[in-house]
Structures are given as C-alpha cells and as structure tokens.
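Asks: Task: produce atomic coordinates for the following.
(one chain, ligands or ions: 2)
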Amino acid sequence: MRSGQIKSIKDISRMENLSPGTPACAGCGGLLSLRHCLKALGEKIVIVNAAGCFTLLSIYPFTPFKSSWLYTSMASAPAGAQGIRDALDILLRKGKLDQKEDLKVVVLTGDGVAYDIGMASTSGALYRKLDFYYICSDNEAYGNTGFQASSATPFASRTGTAPVGADNPVGVTLFKKDLFEIWRSHRPAYLATISPAHPVDLANKFTRAEHYRGPKLFINLSPCPPGWVTDPAYTTRLAKLAVDTGIWALKEAVYGETKHTLIPKKFKPIEEYLRGQGRFSHLFKPVKQEDIIRKIQKNIDWYWERVLEKEAVKE
Ligand SMILES: Cc1ncc(C[n+]2csc(CCOP(=O)(O)OP(=O)(O)O)c2C)c(N)n1
Ligand code: SF4
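Replies: Numbering: from 1, shown residues only. Ligands and ions are numbered 1, 2, ... in the order given. Coordinates of the predicted model:
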C-alpha cells in the first residue's frame, strides 16, 4: 500500500464538504461520488461548475458547498479554472496570499460538457498543463435538460432524443466515445475513472493525484435514476454491476501510463447490468434482441482481452 492510502471504508474521512438537502434527485450516483471527492479534496478548494445538473446545487443564497463556487457556461469551465489559477498564482507570487491559503481549483461538469461541448476548452487546458482537478459526472446523457443523448451515451440506450419505436428498435446506434483515451493522449499528470460503488478506490485515487502538478482528471460513472429509469435505492448496486460486468473499467493513468486498479476475477454477463435499467428495457421486451446484447458483450470482451494480454506480458 502506498503512503496515505486507505484499505477499508472505515478509513474514509468523516469530514463532509457537501451538505445534505440538495435539489439533486434521490439516488443520484454523481452526487454520491461528489460527496466522496469533496471529502478527499478538503475545504480549501474553489469549484468551477459548468452548466448541468450540479449547477442546481448552489441556488443563491443557498449552497451545499463549504468552498467558493463559480458558475460558467457549458463550454468554458476550464477557461474559468485557468483564470482562477492565474489569479491565485499572481497573489502567491506577490506575497499577497500565503502558501497555506492556496486553493485547489476544481472543475465540475457532466458528460455533455466533457465529451461534447467543452472538449475544445478542456483540450486547451490539458495542453497548457493547467494545475487543476476536473471531475466529469458521466450519467451518459444531458441529464439536466431531459436526458438527451450525448456522445457518452452507450449503444442501445433509449434517450430523449433517441426514442425507441418501430422505426428504431435499438435507441442510440453509436458507441460511446472513449474519453479516457482522448484525455490520455494529452498525457495529463493524472487521469482516473471512479465509481460511487468503490469509495475506497476513489479516495485513494485522489490521494495519489495530489502528488502531481498539472491536470488531474476523473471520470465518474453516475447512475441517474430518472434517466436510466431505475429505483433510486439501486444506484450503488448498479454502479458495482457496471464494474463487475466490465462495462466500467476502474483504472488510472499517470503521465499517460495506464494501470487498472480493479480487474474482476470473473466477469458477470452484461445482460445482468442491462436488465436492471428501463433505458434498456426494449432489449428484452416485447422480444429479446439477442444480437444487440451480443454486440454489447463483444465490445466489452474485446476491451478486456487486450487489457489481460498486456497484463500477461508484464508478468
Ligand atoms: C451552449 C449551451 N447549450 C445548451 C444549454 C442548456 N443546458 C444546460 S444544462 C444542459 C445539460 C448538460 O448536460 P451534461 O453536461 O451531461 O450535465 P448533466 O446535466 O447531465 O449533469 C444543457 C443542454 C446551455 N446551457 N448551453
Ligand atoms: S438527473 Fe440524474 S444526474 Fe441529474 S441530479 Fe438527477 S439523478 Fe443526478
């Protein structure tokens, strides 16, 4: 175990930097992870929030955050983060801000921002090696405006803009973009995927990230009860099932070198994950779409075969 790393859920910090009673939906997976992320980041942060579900957490004069918070348009959160980082650095340089008072700059976005609308400004910030944290709450659609498809939406999901019917029995016909690989190609200081079902893994990733200057990025799989059409009580089990079936790989990359932090000993069939969600119900009713389910499974198998081959070479 690396120094500062924890082993059990009992070791997770009791400190809360996100108060309860927010307007987020019951069972929001993104909010559950955010709570853990903010525990790990501590109080001395400034949050830069692009338009999305989490924008609604702070509604003047109320805020669930202990820290400062800045709202930006969908495309420009990393630009906002750059401005804040620059201002902090100038104050530090001029001696007007003590090093002890420095703040971590944290961008919060959804996948619509990260995968689509804010991709250019994020790429620019990674290119400039901006020293910031970026947390993408990946609920696999534009959640705040009614669950429209984004380029993070998985193949065969039903969405507000990909309804299922006689003309289209599949839903979304494209495969999800690989944001991890897009970001990894910029060789950021630290990059990881996280899950609300694995808070120990999440906390340890933030502890490791702290040692690096530069961009520190986190993609969080965020089950979304209204969009995924699931029971709010099912969120954590569903997030765990995503890892157990291999559709959500837990991994990290330091300066572009990837390592998986959890490889299931035996993968569960993807059908178990799909069956529990209303957004995939058309794959099972009125007739089971075996070919579509097989296609999803094949895609996952293809990913893990390559990972396991590489792991075998290392041994
Ligand atoms: C340029 C622009 N287009 C559309 C909107 C309307 N809008 C506000 S939040 C939102 C959805 C954001 O989706 P995502 O980034 O996935 O975050 P989520 O709501 O799922 O957390 C949209 C489309 C906007 N604010 N700006
Ligand atoms: S719509 Fe989904 S992501 Fe947005 S607050 Fe509700 S559960 Fe969370």
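Asks: residues near the residue in the stretch 51-200 of the chain that ligand 2 sits nearest to, how many?
Replies: The minimum distance from the stretch 51-200 of the chain to ligand 2, using Cβ to the nearest ligand atom, falls at C53 (3.2 Å). (Each C-beta comes from the backbone N, C-alpha and C, glycine too.) When counting by other Cβ atoms under 10 Å, one arrives at 25 neighbours for C53.
Asks: Spell out which residues sit in contact with it, please.
Replies: Going by Cβ atoms under 8 Å, 6 or more residues apart in numbering, C53 touches A24, C28, G30, G110, S137, N139, G143, N144.
Asks: In the stretch 51-200 of the chain, what residue spans correspond to helices?
Replies: Defined through DSSP state H, counting those that start in this stretch, the helices belonging to the stretch 51-200 of the chain, from first to last, are 77-93, 111, 119-127, 179-184, 199-209.
Asks: winner for burial among these?
Replies: Comparing those by mean neighbour count (mean count of other Cβ atoms under 10 Å), helix 111 ranks first with a mean of 28.
Asks: That helix vs ligand 2: in contact?
Replies: No. Where contact is defined by Cβ under 6 Å from any ligand atom, no part of helix 111 touches ligand 2; the two come within 9.7 Å at best.
Asks: cool, and stretch 224-234?
Replies: Yes. Using Cβ under 6 Å from any ligand atom as the criterion, contacts between stretch 224-234 and ligand 2 involve C224, P225, P226, G227.
Asks: Over to stretch 274-291?
Replies: No. Taking Cβ under 6 Å from any ligand atom as the criterion, stretch 274-291 and ligand 2 are apart, separated by no less than 11.7 Å.
Asks: So the residue nearest to I182 when sequence neighbours are not counted versus S151, what's the distance?
Replies: With Cβ to Cβ, 6 or more residues apart in numbering as the criterion, I182 has its nearest non-adjacent residue at 7.7 Å, and that residue is M119. When distance is defined by Cβ to Cβ, to the nearest Å, M119 is 9 Å away from S151.
Asks: Can you add mean pLDDT and distance to ligand 1 and give the helices of the stretch 51-200 of the chain back as JSON lines?
Replies: Rendered in JSON lines, the data for these read as follows (pLDDT from 0 to 100; distance: least, Cβ to the nearest ligand atom, whole Å):
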{"stretch": "helix 77-93", "mean pLDDT": "98", "distance to ligand 1": "10"}
{"stretch": "helix 111", "mean pLDDT": "98", "distance to ligand 1": "5"}
{"stretch": "helix 119-127", "mean pLDDT": "98", "distance to ligand 1": "11"}
{"stretch": "helix 179-184", "mean pLDDT": "98", "distance to ligand 1": "12"}
{"stretch": "helix 199-209", "mean pLDDT": "98", "distance to ligand 1": "18"}
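Asks: What about the residue of the stretch 201-315 of the chain found nearest ligand 1, how many residues nearby?
Replies: Distance from ligand 1 to each residue of the stretch 201-315 of the chain (Cβ to the nearest ligand atom) is smallest for C224, at 7.3 Å. For C224, the tally of surrounding residues (other Cβ under 10 Å) stands at 25.
Asks: what does A24 give?
Replies: For A24, the number of neighbouring residues by other Cβ under 10 Å comes to 18.
Asks: Tell me the secondary structure of the nearest residue to it once chain neighbours are set aside, please.
Replies: The spatially closest residue to A24, leaving aside those adjacent along the chain, is L31, at 4.5 Å (Cβ to Cβ, 6+ apart). Assigned with DSSP: H, G, I helix; E, B strand; the rest coil, L31 falls in the helix class.
Asks: is it true that L31 touches P23?
Replies: No. Look at L31 against P23 with Cβ atoms under 8 Å: they stay out of range, at 10.2 Å.
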